[in-house]
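K.L.:
Quick one: sequence plus predicted model below, questions after.
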Amino acid sequence: MPINRRDFINRSAATGAGVALAGTAGVVAAAPQAAAAETKSGGKDEHAPKTYSFSILGTTDLHSHVFNWDYYTNAEYTDSKSDDVGLAKVFSLVKQVREEKGCHRTLLVDAGDIIQGTSLAYYYAKVDPITGANGKPGPIHPMASAMNHMRYDAAALGNHEFNYGIPLLRTFQEQCKFPLLGANALNAKTLKPAFPPYVIKHIPVPGRPPIKVGIIGLTNPGIAIWDKDNVSGKMVFPSLVEQAAKYVPKVRSLGADVVFLTDHSGLDGTTSYGDALPYVENASNLVAQQVPGIDAILVGHTHVEVATYKVTNEKTGKDVVLSEPFCWGKRLSVFDFEVEFTKGKWEVTSVTSDVLKANAVDEDPEIVKLLKADHDKVVAYVNQTIGTCTEEMSAVDSCWKDTAIIDFINYVQAAAVKAGLSGTDAALPVVSFAAPFSRTADIPAGNVTIRDIAGLYIYDNTLYGKKLTGAQLKDYLEFAAAYYNQVPAGTAVNTATLTNSTSGGSTRWDYTYDVASGVTYDIDIAQASGSRIANLQYNGAAVDPAQEFVVAVNNYRASGGSGYPWISTAEIVYNGGQEIRQLLIDYLVASGSIDPTVFFTDNWKLTQAGTPVF
């Protein structure tokens with residue numbers, strides 16, 4: 001017995017089979033039974049319905065979560081909100097809605113960030129790559145297998161789709177039986193679409209012409225910064241508003257009765273990369289407001305839950321409905337459309353949206369059977385013991401204290417950059433920056449596995465060395481220190497409210513906060529943001545503003561990610577292309593053991609008006 005959709009909502013607070021015709025302008029997918037109905041009836045059947053309903057189901061930011069499993073802990077996923085994750089859970093929700101609504105009345109769409117984010121993603125990009133190796137073809141990506149089986153109708157490109165390079169993305173695209181859409185992903189030379197901008201799907205209606213649903217995909221302009229090494233000179237990413245204004249009229253002119261956007265872009269108009277690009281990062285609300293003719297938008301990128309959000313279009317006065325289903329398959333957005341047949345065509349009369357929770361259902365046995373072998377390979381890989389550690393290193397306090405586990409990252413980064421410098425650059429001091437990506441990261445005493453390292457460095461970032469002056473280094477540290485909320489002298493410090501400041505209009509998440517090794521400094525949280533760095537020293541002496549340093553940073557920072565000053569335009573003196581996680585693994589394999597006494601230095605601290613906090 002299917003669970004009623006309203007039951008899901010209370011507990012949480014179909015596609016037309018046809019041949020897809022791909023062209024440079026987009027993709028038109030017509031359901032044969034719908035086309036036949038249109039030809040036979042001509043829309044003149046007096047008994048045919050004048051109103052109809054259908055639903056579009058949406059996921060986003062799946063980040064290669066197929067099962068409710070945490071590869072870093074080697075256990076079922078768990079969090080403080082009792083959420084579950086994974087496509088196996090999502091498919092159970094999809095099946096329930098399809099059974100309730102009818103498969104022919106549902107479409108399934110994703111808003112991007114599919115093939116990066118877990119050890120499974122890394123395994124099928126680097127260990128057993130889908131692109132193949134040594135002249136042999138590679139495996140089918142588990143995400144392609146799952147999404148094909150689930151009968152996705154379309155997916156937008158996410159920025160993380162480009163992390164492993166365009167060749168791997170193209171292979172994934174070939175493996176998918178649904179289009180990857182990117183109306184603002186253009187060939188850098190021709191400025192023509194590098195991916196299909198849209199697809200038109202048909203919802204069959206007995207005795208009437210089918211409802212034509214135009215789905216336009218938009219991705220994030222920040223790709224030009226965050227994956228500069230992979231896309232520079234190959235692709236460009238103009239603004240979402242600009243390209244939506246081009247393609248919404250286009251799909252309308254092709255007969256679309258409904259226009260649905262899938263945007264890998266948040267809905268609050270903010271930007272994390274400062275003025276490095278003229279295009280807004282989180283622009284879905286701006287698209288809804290400024291571009292007429294849109295009925296609803298599936299939102300992604302920002303990993304938040306928004307069941308329903310309405311934006312009034314400034315030109316038509318009509319509301320556009322937006323929904324964002326969190327991330328990792330924790331939620332499924334459901335857009336319900338009501339349409340009416342009038343004057344020979346279908347018109348939207350109502351759009352509502354809500355989200356369903358994945359923890360309300362069991363994993364779908366079909367997906368479990370389909371992907372178990374792929375999953376088991378990854379589990380075996382990440383649980384390999386590669387060395388030992390002389391004592392436990394935890395990240396639990398890394399957001400407010402200097403800890404050995406972050407110093408380990410900085411030690412390995414600095415060593416790699418130093419080894420790669422040449423000429424006069426080799427004589428410059430090296431400072432390394434690393435962020436506390438995960439507060440739950442822990443390197444145990446005793447045996448250390450690949451998953452222990454992967455849980456510490458959860459992103460597939462590569463290593464850069466860039467030049468900064470002492471003055472620029474201080475500015476960099478000041479920017480980092482804005483992560484803390486101001487706590488006046490004499491006021492108790494509560495770590496629960498100390499971090500993740502919203503100064504400047506956007507939240508400073510943990511991954512945006514860099515701590516340094518190679519210099520000593522204090523962060524005075526009693527002071528206003530921008531005036532917090534004190535006692536900045538190198539080798540026991542105050543840092544000369546004109547002194548040159550080489551700084552070791554990841555590619556995300558080096559390209560301007562999170563908006564740090566100076567770094568994106570700084571001279572590159574090292575780019576070895578190595579993933580930092582792999583450098584950490586290689587260090588342990590080569591040395592056999594991690595010994596914190598080798599690298600841990602208590603070189604920074606928080607103060608209040610000069611008095612140490614901890």
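P.N.:
Yep, that arrived. Numbers count the residues shown, from 1 in each chain.

K.L.:
Skipping its backbone neighbours, what lies nearest residue 428 in space?
P.N.:
residue 550 (4.9 Å; CB to CB, 6 or more residues apart in numbering). Where C-beta positions appear, they are placed from N, C-alpha and C, glycine not excepted.

K.L.:
tell me what the strand or helix carrying that neighbour is packed against?
P.N.:
Using DSSP states H and E, residue 550 sits in strand 548-554. Secondary structure elements in contact with strand 548-554, counted by 3 or more CB pairs under 8 Å, 6 or more residues apart in numbering; DSSP states H and E, are helix 404-420, strand 430-434, strand 462-469, helix 470-481, strand 572-579.

K.L.:
Repeat the analysis, applying 7 Å as the threshold.
P.N.:
Applying 3 or more CB pairs under 7 Å, 6 or more residues apart in numbering; DSSP states H and E, one finds that strand 548-554 contacts helix 404-420, strand 430-434, strand 462-469.

K.L.:
Each with direction, which strands does the shortest one pair with?
P.N.:
By that I understand strand 430-434. As defined by DSSP bridges, the strand partners of strand 430-434 come to strand 515-517 (antiparallel), strand 548-554 (parallel).

K.L.:
So what touches the first one?
P.N.:
The list of residues contacting strand 515-517 from outside it, by CB atoms under 7 Å, 6 or more residues apart in numbering, reads 402, 406-407, 410-411, 414, 431-434, 477, 601, 603-604.

K.L.:
now do the longest one
P.N.:
Identification of contacts with strand 548-554 by CB under 7 Å, 6+ apart yields 413-414, 417, 421, 425, 428-433, 461-470, 473, 567, 573, 580.

K.L.:
Could you pull out the buried residues of that strand?
P.N.:
Within strand 548-554, the residues that count as buried by 16 or more other CB atoms under 10 Å are 548, 549, 550, 551, 552, 553, 554.

K.L.:
now the angle from that strand to helix 470-481?
P.N.:
Strand 548-554 runs at 30 degrees relative to helix 470-481, counting by axes from the mean of the first three to the mean of the last three CA atoms, to 10 degrees.

K.L.:
chain center to the next helix or strand after strand 548-554: distance?
P.N.:
Using DSSP H and E, the helix or strand that follows strand 548-554 towards the C-terminus is helix 555-558. Its chain's C-alpha centre lies 16 Å from the corresponding centre of helix 555-558 when counted by CA atoms, centre = their mean, to the nearest Å.

K.L.:
tell me which strands and helices helix 555-558 is in contact with?
P.N.:
Using 3+ CB pairs under 7 Å, 6+ apart, the elements in contact with helix 555-558 are strand 462-469.

K.L.:
go with 10 Å
P.N.:
Helices and strands touching helix 555-558, as assessed by 3 or more CB pairs under 10 Å, 6 or more residues apart in numbering; DSSP states H and E, comprise helix 223-226, helix 228-231, strand 462-469, strand 548-554, strand 572-579.

K.L.:
will you turn these into JSON lines that also has distance to residue 592?
P.N.:
Output for these, formatted as JSON lines (distance: least, CB to CB, whole Å):
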{"stretch": "helix 223-226", "distance to residue 592": "35"}
{"stretch": "helix 228-231", "distance to residue 592": "32"}
{"stretch": "strand 462-469", "distance to residue 592": "22"}
{"stretch": "strand 548-554", "distance to residue 592": "24"}
{"stretch": "strand 572-579", "distance to residue 592": "20"}
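
K.L.:
Just tell me which of the ones you listed ends up closest to residue 499.
P.N.:
With respect to residue 499, and counting by CB to CB, the nearest of these is strand 548-554 at 20.1 Å.

K.L.:
What average pLDDT does the closest one get?
P.N.:
The average pLDDT for strand 548-554 rounds to 98.

K.L.:
Please apply the same query to stretch 505-516.
P.N.:
Stretch 505-516 shows a mean pLDDT of 93 in the predicted model.

K.L.:
Can you list the buried residues in that stretch?
P.N.:
Of the residues in stretch 505-516, 506, 508, 510, 512, 513, 514, 515, 516 count as buried by neighbour count, 16+ other CB under 10 Å.

K.L.:
These in strands, which ones?
P.N.:
Taking DSSP state E, the ones among those that sit in strands are 515, 516.

K.L.:
Can you lay out the buried residues of stretch 505-516 as TSV showing distance to residue 613?
P.N.:
Conversion of the buried residues of stretch 505-516 to TSV gives the following (distance: CB to CB, whole Å):
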residue	distance to residue 613
506	25
508	18
510	18
512	21
513	16
514	19
515	15
516	18
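
K.L.:
Tell me the one among the buried residues of stretch 505-516 nearest to residue 371.
P.N.:
Nearest to residue 371 among those, with distances taken as CB to CB, is residue 510, at 30.4 Å.

K.L.:
could you check the distance from the residue nearest to residue 428 over to residue 570?
P.N.:
Shown here: residue 550 relative to residue 570, a distance of 10 Å by CB to CB, to the nearest Å.

K.L.:
Strands of the stretch 201-350 of the chain, start to end?
P.N.:
The residue ranges that make up the strands of the stretch 201-350 of the chain, judged by DSSP state E, counting those that start in this stretch, are 208-218, 235-236, 258-263, 296-299, 305-312, 319-325, 331-342, 345-357.

K.L.:
OK, contacts around residue 483?
P.N.:
399-400, 435, 498-501, 503, 507-510, 512-515, 523, 529 (CB atoms under 10 Å, 6 or more residues apart in numbering).

K.L.:
cool, and residue 232?
P.N.:
Here residue 232 is in contact with 188, 224, 559 (criterion: CB under 10 Å, 6+ apart).

K.L.:
And the first one, what's its pLDDT?
P.N.:
At residue 188 the predicted local confidence, pLDDT, stands at 98.

K.L.:
Disregarding residues adjacent in the polypeptide, which is nearest to it?
P.N.:
Looking at residue 188 with CB to CB, 6+ apart, the closest residue is residue 236, at 5.0 Å.

K.L.:
Do I have it right that that neighbour meets residue 193?
P.N.:
No - contact status for residue 236 versus residue 193: not in contact, 11.3 Å apart, counting by CB atoms under 10 Å.
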